[in-house]
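>>> Any chance you could fold what I've pasted below:
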Amino acid sequence: MKNISSNYYIAETAFHHEGDLTFLNSLVEDLLKLDINAIKFHLLFDINDYMIENHTAIDVIKRISIKQEDWPGIFSLVKESKKDIIALTNDVSSMMYINSIQNDYPIEAIEIHSTGLNDVFLLEEAGRFKKTIILGVGGSTFDEIQFAVDFLKRNNKNDILLMHGFQNYPTNYEDINFSRISLLKEAFGLPVGYADHTDPQDQYNTLMSVFPISYGVRVFEKHITNRFGEKRIDSQAAIDMETMKKVIEQGNALLKTFGGSKMQFSNAELSYGNTGPMKKAMVARRTIQEGEVISLADIAYKRTELSSMLLQKDIFKIIGARAKQSISKDDLLTFDNLEYKFTSASFEQFFIK
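Numbering: from 1, shown residues only. Sure thing, here's the model as predicted:
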């Protein structure tokens with residue numbers, strides 16, 4: 001995921017499958033029909049490495065977790081489509097598994113969820129992954145993020161992406177805090193992605209999903225379902241397929257408006273900035289006779305039908321020049337009809353005395 005210049009869209013499955021392998025396969029097959037770049041999966045093998053034994057949710061989490069032996073079939077579906085896999089590994093065992101198969105499948109990134117951002121055992125195993133490490137930083141302090149980044153960098157892992165996104169379901173506007181993206185980029189010098197969890201029924205869902213493009217974000221994550229309206233885990237933030245198509249269309253359209261980081265003009269901008277037809281050019285304010293010396297009073301700025309090689313700011317290059325020939329009123333002033341001798345620019349005549 002290094003040096004991403006175009007938008008990169010991740011379809012998040014999370015635990016929406018609720019442990020139903022048939023449902024997950026169906027969801028993956030539908031997601032692969034979209035113009036996304038990757039599908040993200042949550043892996044959890046060792047429940048006791050994730051939560052305490054008497055946790056009230058342990059039986060539910062155990063029931064909805066896909067078993068290790070079932071993942072190759074799912075990953076193979078993605079591999080055949082030539083799309084990427086993002087693996088969010090909740091425990092060390094699942095991360096070790098991903099590391100062991102990372103050369104067999106198109107696993108572009110592993111993610112450490114914000115719930116385990118400073119889990120040194122996860123961070124240590126993440127150091128063995130060859131590609132991008134995504135750090136979920138929702139609800140995390142800068143000190144916590146710094147700890148994880150420093151830990152990885154000390155282990156020579158520099159391909160890191162911070163994933164911004166307040167992960168309650170659904171997310172209220174005031175909790176999104178897009179300005180934090182700029183702070184994260186400035187503080188850590190790392191690319192930042194955005195995982196949106198806006199209410200799928202919200203009329204501004206697609207806008208909220210792609211707006212971070214204006215902050216330089218190029219990696220976007222969305223929960224997607226092929227059973228919209230059905231009450232399942234994560235359904236509070238899962239959009240349908242058609243909405244995701246709109247997210248991609250709007251995101252790609254918005255990206256075009258930003259251009260590059262350098263001050264380069266498009267052909268349309270160059271045409272619009274053309275001196276003469278568009279920007280006013282320097283012309284003779286009156287008829288100037290051959291041999292006359294050009295003064296400020298002889299120059300006017302006007303739009304013309306012909307292009308001029310001289311820009312508006314070049315006025316000091318022609319003040320003091322001598323007319324090589326007779327120049328009619330409104331004719332372009334150029335080095336073809338002026339004899340130019342280099343002189344230092346003087347601004348005195350523009351000052352109010």
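
>>> Next up, the contacts around Asp202.
For Asp202, the contact set (Cβ atoms under 8 Å, 6 or more residues apart in numbering) comprises Pro170, Met208. C-beta coordinates here come from the backbone N, C-alpha and C atoms, glycine included.

>>> Need the phi and psi values for it.
Phi and psi for Asp202, reported as degrees, to the nearest 10, are phi -70, psi 130.

>>> Following element in sequence after whichever strand or helix holds Glu221, please.
Following DSSP states H and E, one finds Glu221 within strand 219-223. Scanning forward in sequence from strand 219-223 by DSSP H and E, the next helix or strand is helix 241-256.

>>> in that following helix, what counts as buried?
The neighbour-count check on helix 241-256 (16 or more other Cβ atoms under 10 Å) flags Thr243, Met244, Lys245, Val247, Ile248, Gln250, Gly251, Leu254 as buried.

>>> packing partners for it?
For helix 241-256, the packing partners by 3 or more Cβ pairs under 8 Å, 6 or more residues apart in numbering; DSSP states H and E come out as strand 8-14, helix 205-210, strand 219-223.

>>> Any chance of the buried residues of helix 241-256 in a markdown table with distance to Phe220 as columns?
Shown next, in a markdown table, are the buried residues of helix 241-256 (distance: Cβ to Cβ, whole Å):
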| residue | distance to Phe220 |
| --- | --- |
| Thr243 | 13 |
| Met244 | 10 |
| Lys245 | 13 |
| Val247 | 7 |
| Ile248 | 9 |
| Gln250 | 11 |
| Gly251 | 6 |
| Leu254 | 11 |
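
>>> Let me know the closest of the residues you listed to Trp71.
Nearest to Trp71 out of these is Met244 (Cβ to Cβ; 23.6 Å).

>>> Who is the closest residue to the closest one other than its chain neighbours paired with across the strands?
For Met244, ignoring the flanking residues on the chain, the nearest one in space by Cβ to Cβ, 6 or more residues apart in numbering is Ile224 at 5.2 Å. Legend: beta-bridge partners of Ile224 under DSSP bridges are Ile239.

>>> Compute the distance between Ile224 and Gly251, please.
Distance, Ile224 to Gly251, using Cβ to Cβ, to the nearest Å: 14 Å.

>>> again with Ser235
From Ser235 to Gly251 the distance is 23 Å (Cβ to Cβ).

>>> Tell me the one of the buried residues of helix 241-256 nearest Asn37?
Ile248 (9.8 Å).

>>> The closest one contacts Ile10, correct?
No. The criterion here is Cβ atoms under 8 Å, and Ile248 misses it with Ile10 at 11.4 Å.

>>> re earlier: let me know how buried the residue nearest to Met244 is, in neighbour terms.
Neighbourhood size, Ile224 [other Cβ atoms under 10 Å]: 28.

>>> Repeat that for Lys329.
Neighbour tally, Lys329, other Cβ under 10 Å: 11.

>>> and it, how far is that from Arg180?
Separation of Lys329 from Arg180 (Cβ to Cβ) stands at 60 Å.

>>> go on, Arg154?
From Arg154 over to Arg180 the distance is 25 Å, taken as Cβ to Cβ.
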